[in-house]
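> Build me a model:
(2 chains)
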Amino acid sequence: MIDTDLGGANIHTFLGLSFPQRTLSDFINKKVAGIGDVVVETNIPNLGLVVGAQDLLNAANPKEPQKWKLIRHIHSLDFDYIILDLGAGNSFNVLDFFLMSENEILVVTPEPTCIENTYRFIKSAFFRKVKRVISHHGVKEIVDLAMDQRNERGIRTPFDIIEVAGEIDKSIGLRLEQELESFKPKLIVNQVRTKGDVDIGFSMRSAFLKYFGISMDYLGYIVYDNDVWQSIQRRRPLVLEFPQSRASKCINEITLKLIIDKPFLFNSAR
Amino acid sequence: MRRIKDQTYYDLLEVPRGASIEEIRKAYRRGKEIFSSDSMAVYSLLGPAELEGINAAMDEAYRVLTDERLRSEYDRKLNGSGEGVFSGEAVGPPPRGEVYPVREEAAGIPFPNGFRFSGSSLRGIRESMGLDLKQISQKTKINRQNLAWLEEESFENLPALVYIRGFITEYAKALNLDPHRVADSYLASYHQWQKARKG
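Residues are numbered from 1 along each chain as shown, chains lettered A, B, ... in the order given. Purely as a prediction, here's the structure:
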């Protein structure tokens, strides 16, 4: 597990590790040769952790080349699964770590503010992806324009970008269509209290498909559970401290779906 | 991947081509809830004009698809436009997770009723198909160690039951076996082990 929440790393605390010897800062500041050198053992068998950066100013804001080096090194790690914990917001750092992943997972709480931010995040992620794969200057300008939702040309959605890009150069339009088809972020709704909250995930999926043409997989939901708070107080992972809790069971189901790549079907929530 | 204006009525209501009237009604009601102006899921995404457009399109889709005559005319038009042949059954890609063709006989060996799919028999089937654990692991995304434990029926090392069922189902599919039959048979041993452990 790699704590890539660069400004607010705290996974080590969830795992009960107080004073990590080596952290991501050592890699970013070139004190070690490879990221493998900063993987520390945890109390959980087979789980290694790269503790997030501890020096607030340097490592929390790595320069572009440092970030790409980090991404390259993460790709070269030899583990069954590599989990990146990302910070909030849609800065380029967060977007690039998100986009490097095979399974791009968003966790949303059923609140208007959070849903709004999730939409903004996915749009930003897609636009960032487009800007990374397309070198055509004119198309990049269109993407910049689309980031301003009130732009005078009315370009708002990926569809609009694809259409305008296709007018500039047909092959770019086709390439972007492929990018849109292959962009399949996954969604988890957290802190669910009612059935209506569970349905938020399906609604967001529908809205996204209709409006953006982006098909999200709704992986499932995690119920609001006091045991989560308790486990954080004890600095122990929830699923180990309270394996029978309702939230743990939800997490187990989601994990299984992820491992065997099965989507959450609408009827299974009924 | 189509814009609203280019979507078929079936796409708009998110139902398969062969959907029953009841399925269409349910899907329409759900769609209307999702795209209502006070819906938490869409208010920050769509403006009033966009919502109105989507709702009008869904209303029209519902009107046509719940009228037998209009629907068959519409289907004819869709077929004529090369949209795919309407067979009366759901048309579209197979559900994900069902990518392996399932057949009763793997590697030419028929399995009689009551055949027990134990860890060792699964290993035998795998080896007779010339597959190693690495290939199964790539196909199923289950790590090799867990696959080895499945074959050894090393339940004390494997995770909770829900995972084992998932693993064995995927493993069975990778061997072209009926996943339900294999899982039920295999998990009988697990339940015996659980019972023995609890004394």
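> what pLDDT does the closest residue to chain A within chain B get?
Among all residues of chain B, B:Ala41 sits closest to chain A, at 3.4 Å; criterion: C-beta to the nearest C-beta. C-beta here means a position set from N, CA and C on the backbone, and glycine is covered the same way. On the pLDDT scale, B:Ala41 is placed at 86.
> repeat for the one 4 residues further on
Per-residue confidence (pLDDT) for B:Leu45: 83.
> Give the full set of residues in contact with it.
Residues near B:Leu45 by C-beta atoms under 8 Å, 6 or more residues apart in numbering or on different chains: A:119, A:207, A:211.
> before we move on, what about B:Phe167?
By C-beta under 8 Å, 6+ apart, the contact list for B:Phe167 reads A:260, B:140, B:142, B:146-147, B:150, B:158.
> Please identify the helix or strand for the spatially closest residue to the residue of chain B closest to chain A that is not a sequence neighbour.
Residue nearest to B:Ala41 in three dimensions, not counting chain neighbours: A:Ser203, with 3.4 Å by C-beta to C-beta, 6 or more residues apart in numbering or on different chains. Using DSSP states H and E, A:Ser203 maps to helix A:195-212.
> In terms of secondary structure, what does that helix contact?
Applying 3 or more C-beta pairs under 8 Å, 6 or more residues apart in numbering or on different chains; DSSP states H and E, one finds that helix A:195-212 contacts strand A:105-108, helix A:112-133, strand A:186-192, strand A:217-223, helix B:21-34, helix B:48-65.
> do you know which of those lies nearest B:Arg123?
With C-beta to C-beta, the closest approach to B:Arg123 among these belongs to strand A:217-223: 31.6 Å.
> Let me know the average pLDDT across the helix or strand following the closest one.
Using DSSP H and E, the helix or strand that directly follows strand A:217-223 along the chain is helix A:226-233. What helix A:226-233 shows for mean pLDDT is 93.
> Going by neighbour count, which residues in helix A:226-233 are buried?
Under the neighbour-count criterion of 16 or more other C-beta atoms under 10 Å in any protein chain shown, helix A:226-233 has A:227-228, A:231 buried.
> Determine the set of other helices and strands touching the helix or strand just after it.
Per DSSP H and E, the first helix or strand lying C-terminal to helix A:226-233 is helix A:238-241. If contacts are counted by 3+ C-beta pairs under 8 Å, 6+ apart, helix A:238-241 sits against helix A:226-233, helix A:246-260.
> same for the first one, what does it pack against?
Applying 3+ C-beta pairs under 8 Å, 6+ apart, one finds that helix A:226-233 makes contact with helix A:238-241, helix A:246-260.
> Identify whichever of those lies nearest to A:Arg150.
Nearest to A:Arg150, of all those, is helix A:246-260, at 37.0 Å by C-beta to C-beta.
> which helices and strands sit right next to that closest one?
Applying 3+ C-beta pairs under 8 Å, 6+ apart, one finds that helix A:246-260 makes contact with strand A:217-223, helix A:226-233, helix A:238-241, helix B:161-174.
> Near chain A, which residues of chain B? Just list them.
On the criterion C-beta under 8 Å from any C-beta of the partner chain, chain A has as its neighbours in chain B the residues B:1-4, B:7, B:12, B:14, B:30-31, B:33-35, B:39-46, B:50, B:54, B:96-97, B:140-143, B:160, B:162-163, B:166-167, B:169-170.
> Filter those down to the buried ones, ChimeraX style.
Buried subset of the residues of chain B next to chain A, written as a ChimeraX selection, criterion 16+ other C-beta under 10 Å:
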select /B:1,4,7,12,14,30,31,34,35,39,40,41,42,45,46,50,54,97,140,142,143,163,166,167,169,170
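> about what we covered before: closest one to A:Arg22 out of the buried residues of helix A:226-233, please.
So of the buried residues of helix A:226-233, ranked by how close each gets to A:Arg22 (C-beta to C-beta), first place is A:Ser231, at 25.5 Å.
> Number of residues surrounding the closest residue to chain B within the stretch 151-270 of chain A?
Nearest residue of the stretch 151-270 of chain A to chain B (C-beta to the nearest C-beta) works out as A:Ser203 at 3.4 Å. A:Ser203: 21 surrounding residues under other C-beta atoms under 10 Å in any protein chain shown.
> what sits against it?
By C-beta under 8 Å, 6+ apart, A:Ser203 lies in contact with B:33-34, B:39-42.
> again with A:Phe159
Neighbouring residues of A:Phe159 by C-beta under 8 Å, 6+ apart: A:212-213, B:3.
> how does it look with 7 Å?
A:Phe159 is in contact with A:213, B:3, counting by C-beta atoms under 7 Å, 6 or more residues apart in numbering or on different chains.
> what does A:Phe121 give?
A:90, A:106.
> Give me the distance between it and B:Ser128.
With distances taken as C-beta to C-beta, to the nearest Å, A:Phe121 is found 49 Å from B:Ser128.
> re the thing from before, redo the contacts of A:Ser203 as CSV? Include distance to A:Val139.
Output for the contacts of A:Ser203, formatted as CSV (distance: C-beta to C-beta, whole Å):
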residue, distance to A:Val139
B:Glu33, 37
B:Ile34, 32
B:Ser39, 33
B:Met40, 34
B:Ala41, 30
B:Val42, 28
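> which one of those residues sits closest to A:Glu152?
Among these, and counting by C-beta to C-beta, the member closest to A:Glu152 is B:Val42, at 24.4 Å.
> And the closest residue to that closest one other than its chain neighbours, how far from B:Lys26?
Here the nearest residue to B:Val42 in space, its sequence neighbours aside, is A:Ala207; by C-beta to C-beta, 6+ apart that works out to 4.9 Å. A:Ala207 sits 18 Å away from B:Lys26, going by C-beta to C-beta.
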